[in-house]
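# sequence and computational prediction follow.
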Amino acid sequence: MGKCKISVIGAIVLLFSSVVSVSAQTSFTVSGTVRDSGGDVLPGVAVMCKENNKSVSTDLNGHYQIAAASASSILEFSFIGMKDKAVPINKRQILDVIMEDDATLLEAAVSVGYGVIQKRDDFTGSAVQVTKEQIALKPAERIDNLLVGMVPGMNVIEESTSGRPSVKIRIRGDGSLSASNEPLWIIDGVPIFQGTKTNSVTGTSATVSPLSYMNPDDIESITVLKDASTTTLYGADGSNGVILVTTRSAKAGDVRYNASVRYGVSNVDRSTLAKRTNGPQYLALAKEAWVNSGRTLETFPYLDNEYQTFSNVDFDWYGAYMGTGQTLQANFSASGGSEKMKYVLSGGYFDSSSYVKGNEKKRYSISSKTDLKFTRTLSAQVKLTADYNIDDLFSAYSFYDEYLPILPAYNEDGSYRYYNYYSRKDDGTYEVAMYKNFGNDLMEREFDEDRQYNLNGEVSGILTWKPADWISFTSHTSERLLSIYESTYHTKKSLAGMNTDDPSLSGSSRRSGVFNMAFYENVRANMKYEIGKLQANGFVGAEYKTSGHFSLNATGNGFTNDSIREISYANEATRKGTSSRSESKSLSYIANANLTWDQRYVLSANWRRQAVSSFSEFARWSDFGAVGIAWNLHKEHFLELDPVNTLRLKYTFGDSGNSRVDSSSSYGAYVINSSHSYGGVAGAALSSPANPGLRWEKTYTHDLMLDVAAFKNRVELSAEYYVRTTRDVLYSGRVSSIITDGSVQQNVGVIRNRGMEFTLTTVNVRDKDFSWTTSINGAFNRNMIVELYKDTYKGFFDSIWVAGQSKDAFWLVRYAGVDPVSGQPMWYDINGDLTYNFSLDNRVYLPEYSKEPDLYGGISNDFQWGRFSFRLMFDYRFGGWDYINIFNDGSSITDTSGNPVVEEMDHWTTPGVGNISPAFRYNYGSNHDWNSTRSLWNTTYVQLRSLSIGYRLPESITRRMSVNSCTLSLIGDNLYLWTPAQRSDRNSYKTLKYPDGMRRGLSFQVSLSF
Amino acid sequence: MKNITKYIVSALFAAAILPACSDLDKKLLTVEVIGKNTIEGFMKEYDGYVAAGEGLHAELRAFYPIRIKYAEIAGDLLNITASAEEGDRLLFNYQMEQQHIATYPRTYWAAGWSVITQVSYILYYGEKNLHLGWSVAQNATVRKIMAQAHFARALAMFDLCNAYAQPYNYSADHSHIGIPILTHIASFDEALPRQSVAEVYAQILDDLGSAMSLFETAGKELPDAVQKDVIKDCYHISYIACEALLARVYLYMENWEKAATYAKSVMDKVPLSPTAEYINMFRTSQAVPGAESIFRINNYAASSTMSSFFDPTRSGGAKFEPAPVMYTVYAADDIRRQLLTYVPEPGETGLIAGQTPKAVCKYLWKKSISDENLQCHDNFVFRASEMYLIHAEAVLKQSGDVAAASSDLKALIARARGVESSAVSLPSTVDGLLEAVKTERIKELCFEGHRLFDIIRRKEDLVRTNNADVKTISYPHYRFILPIDQMEMQSNERMKQNEGYETK
C-alpha cells in the first residue's frame, strides 16, 4: 500500500492518541523512533505496554516516549498496513524500531475454520480471502452478492423472480444434478440456515433469502474454501465449497467508535430492458398476423368498440412496475476493553426500497462479542447477535414485462382497469366480451399486503482452556433461532382477492409462521508443538448439530371488509390450517494435522467421519479425508530466485460429500394423510418406494496450485488447476411408472469438472502521493459426464446427458433462418438437410454452444491519490450461451401470448427479401420459437459493477469536528453493461441478462471514526 | 480453586466427547418423523397395516374415475361440450398419441400401476405380519387385507390389459401382447417386459383364487367381519366381489360356462335394488348405498373429478353430456330415463346460463344434501344388475337357454319400469335376446365404464351417432387401445409400444 495512505492514517491515529489521557506513574521510560523498511519515519504508530496497559502514538517525526511497567517489559507496536511487532525492552532506554509492510495477498494469514488461522507459507489448500475493505462500499442488501467478481471460480448468478432478486452461487461448476449445488455458509464457525437445496424457505409462500437477514457491516472477512483439503473438514456438506464469514471481533484498548451513514438512490438502466413493440406497433403487427392467416379485419379481436379503444393506446408496463429505489443505512460500532475483558458492540439500520416498486426492506441489527479471560488458562468468548427484518414484498405478474401495451393498467379516469373488452372469437364471427385484465396486478401492490417479519438471532459461547502452551481445549456452543411471520392478504379490490363467482368469499388471507431452530456443539483439543525445525499443529474433535424446521399456516377467505384480514374472521367454511416439520441431526468426528519442516515442506491431513440422520442406518456413516503438500521454493537455499520473492507449489487431494438431499429417498416412505383416507377412516399409501442401495454422492478433488510473487510483492500471481469428480451422482429421475409414478433419487453416474483459476495482483505505481493496484481474476470450468450407470441417455428440454459429453452444452434443433421465398422459418433436420417442419426429433447435441463461458471473473483497480481513493470494479464473462426464448412470430395474439420483441417488426413480407424474422402469421404453427438455436444468446459481457470515490477530510477539519477521521464516499453501482451484440434497436444479451433490467445505483456515504 | 476449575472443565469436555466411545450416536441421530414413515416401520404396526388396506381402496378411488371416463369417452354414448378439456377431446376424437403424457396414455397407466405396486407391499408385509404372534382376530384382518390386495391387483391388471392390449379373443391362442406382470416389490433398475394376454389373464385368475381362499380362511376366524354370502360393506372388497370379477373376466374370455356360474352365484346372494331406491342409489349414495351394490368406491369426504365432469350447474358447465341416442333407448315409463335430465330441486337456482338440462345424473349428488362429506357419488365397480346381464349373455352363448336369459332381462326391465316381470315382453329367439342384452347393457350400465370394452370384446365396429368427428372405427383397429406413453417408453428399455403408435 502506498505511503501516502499510511501517513494520512498515521496522522489520524496520532490525533486519536492525543485525545487519550496518559496518566503519570513511576515506571521505566523508553523512547525511540519508528521507521518503515525504507527508512521513512512512521507517525501515528500505536505503542503499547500491556503490563501496565499504557499506550502512546508516535508523533509526526515517528518519535515516541512511553512509560513502560518495567525495564523487562515488552513493547508492542502496531500500525495499519504494517505487521505488528513486539520488542522486549531489555533495559534499553532508546528503542528504535523498523516495521515491515503488512502481509500482502500471498502472505496474509488465512482463516480455514475451526479456529485455525494459517500463514500462507504453511497452508496447502486453496482459499480466497475477501477483506472488509474490499466489500465495504458494496450494496448491503445481502451478503451473497458482495462476492460478485471477487473470487476466481466462483460464479454469483443473479436472477430475479417477480421483481425480487435471488442469487445462486456456483463454485467450480455444478457437481451435483439433484442434490444442492450451493456452497455451505459458516458464520463464525457455525453453519447457518440457508433454506432448501435451492435456497428457498419452506413454509412461506415467498422466499426472502436468509442471506439477506444479516448486516454485512459486521463482516470482518470472508474466506472461500475451494479445494478438498479445506472442504473435507466440512464433510457431508462441503462438496460445493465452503464460505466462511468472520464477523468483527473485539480489540483491547481505549474505546474506538466507528460510524457511517449511507444514502442512495437506484433505478433501472432502461437500455438493459428487453425491447418490445409499443402499442401502435403491436396493433399493426397483430392485424398483419390476423390477415396473413386468412382472417378478415372485421373479426380482428382488438377492434375499437363501444367499451374500449385500442388504437393509439401505448401503455408502458415497465414504467408502471419500476421507479426509483432508495436506500438508507446507518451503522455504528464500538470496541475496546482490557486484556481481561474486551468487547465490540455494533448496531445497524438498513432501509431500502427497490426500483421494482412495492418491494421494501428494513433491517435492525445488533450484535456484540465479548472476550473474557477468567484465569491465566481459562477464557471465553460470548457472541450475541440478532437481526430484525421487515420485508414488504410485491410479487408481480411473472410476465408483466411482456403484457400487451394496448391493454392499459388504468381506465381513462385513472382508476385501475380490471377488465378488457374485446373479441376472442376465432370462428369467423366477432363478439365483444369482458375478460379479466389479468396481467394487471398493480392494485395488489397498492391494496394488498405481503409482508414478512423475521427475527434471526444467535447466542454462542466459546470456552477455551489452555493448560499449557502446546495444548488447548475448546468448546463452541451455539443456538440459533430464525423465526418468520408472513402475512399476505389479497383485498376485495384486487383481481387476486376478488371472487367473481361468490363475492361474499372475496378477500383472501394467509398467515404463516416458520421457525428454524438449530443447536451446534463442537469440542476440540488443539495442539501446537515445535521440535527443532519441525513445527506441528492440529486438532481432534467432535461436532454435533441439530436443526429443526417447523411451519404453520392458516388460510381463509370471505371477509366482511378489507381491514379485518385475520383468519379468525374469515368465512368459517374456508378456514384451513396446515403444519409441517422436519428435523435433521448430524454427528461428526474431525481431525486435522499440519507438519512444517524448516518452513520449506508442508504436509497437512484432514479427516472427518460423519453421520447424518437423513440417510438410512446402513449408509449413514461416511468418511472423508484429504491430504495436501506444499513446497516453499523461495525458502530453499539452493535456489536463486531474485526478483521472485515467493514461489510455492501446492497439491491437495481428498473427498467431500453432499448431504442436502431428501431424507426419505433411501428408506422409502408410507404416508398417512387425508387424501388417502377412505370412508372417513385413516388410510395410508406409498409416497416413495424404498431404495436401500442409495449411496452418498462423493466429490473427489485434485488441486494443483502455484503461488508466485516478485519485485517485493509488487506482482503476485496465484494459479490453480483442478479436477473435481463427483461419483454416485444423485439424480431425481423417473423410472418405469410400473415401479413408481413419482421421480426417485438414484445414483446415476460420474461427473467431472475441470478448470483453471488465477488471480494476478500488481502494484503498478507506489510512491508517496500516488498508488495504483490492479487485481484481475479469472476462471474457466469444463464439465463432462464421465459415466452414466444406466446407459440410457436422458434428454431434457434443451440439454441431454450423454457419457463423454458436457451436460452444459445445448441440445437443440438448428435454426436455418427465414426462407426468402415463402417467409417460412427453416430448420436443419438431423441429417443437416433443410426442412420447414419443426420436430423435436431433429435436436442435435451442440458442443459449440455451451452454457459454460470460456473465461469469467473480475477486475478491480484501486487508486490512492493524496486524500482521494478511487476504486473501479468490473466483472466479465467471455463466451458461453444461454437459451432465452423471446419469439412467437404472431402464432398467438391473445393477452397471454406476450408483446413481441422488436425483431418481429423486421419480418418477411416480400419474396426475395431477406428479413431477420419469419412471416408474421396468426395460428400458424406454434413451434417457431421452440427448442431451436434461434433462441441462443452469447453471454459475453463486461459490467462496471462499482465505482467509488473516497475523500478523507484533512485533520484541520476533523480536529474541529472532534473526530479522528472522516471519509466521504460517492459510490456508483452497475453503471454500465456492455455486450458485443448490443444495438439500440435490437435485443441482445444486454437486454436479456436481467429479467427486470439492471439496477443502477448511486449513493453517498459518510464514515467517521473517533 | 484452580484445581476445581480444572476438574469441572475436564468433566465438561469428557461429557461432550463421550458419544465417541459409546453407541450414544444412535440416540443422538434418531429423528422422529411424523406423518411419514419408513415402509417397514409403518407396515409392521397393526394400525399401520390396516391403514394401508384402507389406503389401497383409496388408490382404487383415484384410479376408477380415469378408467370409467376412458371407456365412456372413447365409446358412443356421450356428446362433448365446449368446456371439455384437451385430453378428453383428443380421446373423444381418437387422436391419442404416445407423447400425450398429460392425459390418458399416462394417467390411466400410472394410476393402475400405482394400485399394483402397493399390492406388492401389502402382500409382502402381510405374509411377514402373520408370523409376528398377533391375535387371531388381527391375523384374520391381515388375511382379509391380503385378500383385498389380491383382488385389487386382479382388477387393476384386468383394467390395464383392456385399455393397453387388444381383447382376450383378439388372437386364437391369446398370445398377443398384454401388459407386464408385477407380483413382487420391484427395484428401481428393473425393466419389466410385457407378457402375453394369456399370461396376464392366468395371473388375474390366480390372484382371484388366492383372494377367495384368503377370504375363506379369514372368515373362519372372523365370521362377523368377513362373510362369503352377504355383502355387509359394499365399500370394501369382499368374497362376492371376487366372484363378480370372475364372472366379468370369464365373460371377456368367452368362457360362458364359468361366467354364468359365477354370475349366478352372485345373483343368488345379492338382490336387485328395488325400484324405489334405484335413483337414490346413484344420487344420494351415502344415504342409500343400494341393496344390489357389490363393490362401489366410497367417496365420503373425498373430492372427485367425476361430478364436476358432468355437472351442468357449476361454473364452466358439464364437459360431456349424454348423446342424443340415449334419449331414444328408454321406454317412456323407464325410471332410468330420469338419470339423463337434470331437474333442479326446490330452492335451487338451477342451471347456469347456456347449459342444457341434459346431464349424466348418475354422478350428480342431490344438491339437497347439506353435509359436505356426503356430497359425493360413489361410483360402482360391481353391482348385481351387471351379473344378470352377464348371466343372460353367457347362457345364451353357451346353450341358448332362452328361458333363463329372458328371466334375467325381465327382472331388470320390470324393476326399471316398476311393473311385474310378466308385463315385459321380449324376443323369443337367441339372436333376438342377444340383441336385447346388448341394448339392456346400454340402458342399465351406461356411463359406468363398460361401453368401449363391450364393443371390443364382441369384435364390433364402433359406429357413433354422437357429435364426435370420428364416426367409425372398424374392428380390429390399433386405436381401440391406448399407446404406451412416451415417458414409460423412455424409462423402461424393455417396454414395447403398441402397434400403430410407434414413433413415425
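The structure has been received and is ready for your questions. Numbering: from 1, shown residues only, chains lettered A, B, ... in the order given.

# can you show me the CA trace of stretch B:490-504 as PDB?
C-alpha atoms of stretch B:490-504 as PDB (Å, rounded to 0.1, in the frame of the first residue of the first chain):
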ATOM      1  CA  GLN B 490     -38.100 -43.900 -22.300                       C
ATOM      2  CA  SER B 491     -37.700 -45.100 -18.800                       C
ATOM      3  CA  ASN B 492     -38.200 -48.800 -19.500                       C
ATOM      4  CA  GLU B 493     -36.000 -50.200 -22.200                       C
ATOM      5  CA  ARG B 494     -37.900 -53.500 -22.400                       C
ATOM      6  CA  MET B 495     -41.200 -51.800 -22.900                       C
ATOM      7  CA  LYS B 496     -42.800 -52.400 -26.300                       C
ATOM      8  CA  GLN B 497     -45.100 -49.900 -28.000                       C
ATOM      9  CA  ASN B 498     -48.500 -50.900 -29.300                       C
ATOM     10  CA  GLU B 499     -48.600 -51.500 -33.000                       C
ATOM     11  CA  GLY B 500     -49.600 -48.400 -34.900                       C
ATOM     12  CA  TYR B 501     -48.400 -46.000 -32.200                       C
ATOM     13  CA  GLU B 502     -44.600 -46.300 -32.800                       C
ATOM     14  CA  THR B 503     -42.800 -43.000 -33.500                       C
ATOM     15  CA  LYS B 504     -43.200 -42.100 -37.100                       C
END
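
# so which bits of that stretch are buried?
B:490-492, B:495, B:497-498, B:501 (16 or more other CB atoms under 10 Å in any protein chain shown). From N, CA and C alone the C-beta is placed, and that goes for glycine too.

# which residues touch it?
By CB atoms under 8 Å, 6 or more residues apart in numbering or on different chains, the surrounding residues in contact with stretch B:490-504 are A:733-738, A:792, A:841, B:97-98, B:164-165, B:177, B:191-194, B:478-479, B:481-484, B:488-489.

# one more: stretch B:375-382?
B:60, B:64-65, B:68, B:155, B:235, B:241, B:244-245, B:248, B:282-283, B:285-286, B:289, B:293-302, B:304, B:306-307, B:362-365, B:369, B:448.

# gap between the two ends of that stretch?
21 Å (CA to CA, to the nearest Å).

# and stretch B:321-329, by the same measure?
End to end - CA to CA - stretch B:321-329 spans 16 Å.

# quick one: neighbours of residue 368, just the number.
Just going to use chain A. Applying other CB atoms under 10 Å in any protein chain shown, we find 19 residues neighbouring residue A:368.

# my question was about chain B
Residue B:368: 11 neighbours (other CB under 10 Å).

# which one is it nearest to, not counting chain neighbours?
Using CB to CB, 6 or more residues apart in numbering or on different chains and skipping residues adjacent in sequence, the residue nearest residue B:368 is residue B:345, 5.3 Å away.

# please name the residues that touch residue A:689.
Residue A:689 is in contact with A:668, A:739-740, A:744, B:39, B:117, B:185, B:188, counting by CB under 8 Å, 6+ apart.

# quick check: it vs residue A:740, distance?
Residue A:689 sits 5 Å away from residue A:740, going by CB to CB, to the nearest Å.

# any residues in contact with both of these two?
With CB under 8 Å, 6+ apart as the test, residue A:689 and residue A:740 both reach residue B:117.

# what does the stretch 301-450 of chain A put close to chain B?
Neighbours of chain B within the stretch 301-450 of chain A, by CB under 8 Å from any CB of the partner chain: A:374-375, A:378.

# of those residues - the most surrounded one?
residue A:378 (19 neighbours).

# could you pull up phi and psi at it?
Residue A:378 adopts backbone torsions of phi -120, psi 130, taken as degrees, to the nearest 10.

# list the contacts of the single nearest residue of the stretch 101-250 of chain B relative to chain A.
Nearest to chain A in the stretch 101-250 of chain B, going by CB to the nearest CB, is residue B:110, at a distance of 4.2 Å. Counting by CB under 8 Å, 6+ apart, residue B:110 touches A:737, A:741.

# and residue A:707, by the same measure?
Contacts of residue A:707 (CB under 8 Å, 6+ apart): A:106, A:120, A:646-648, A:650, A:716-718.
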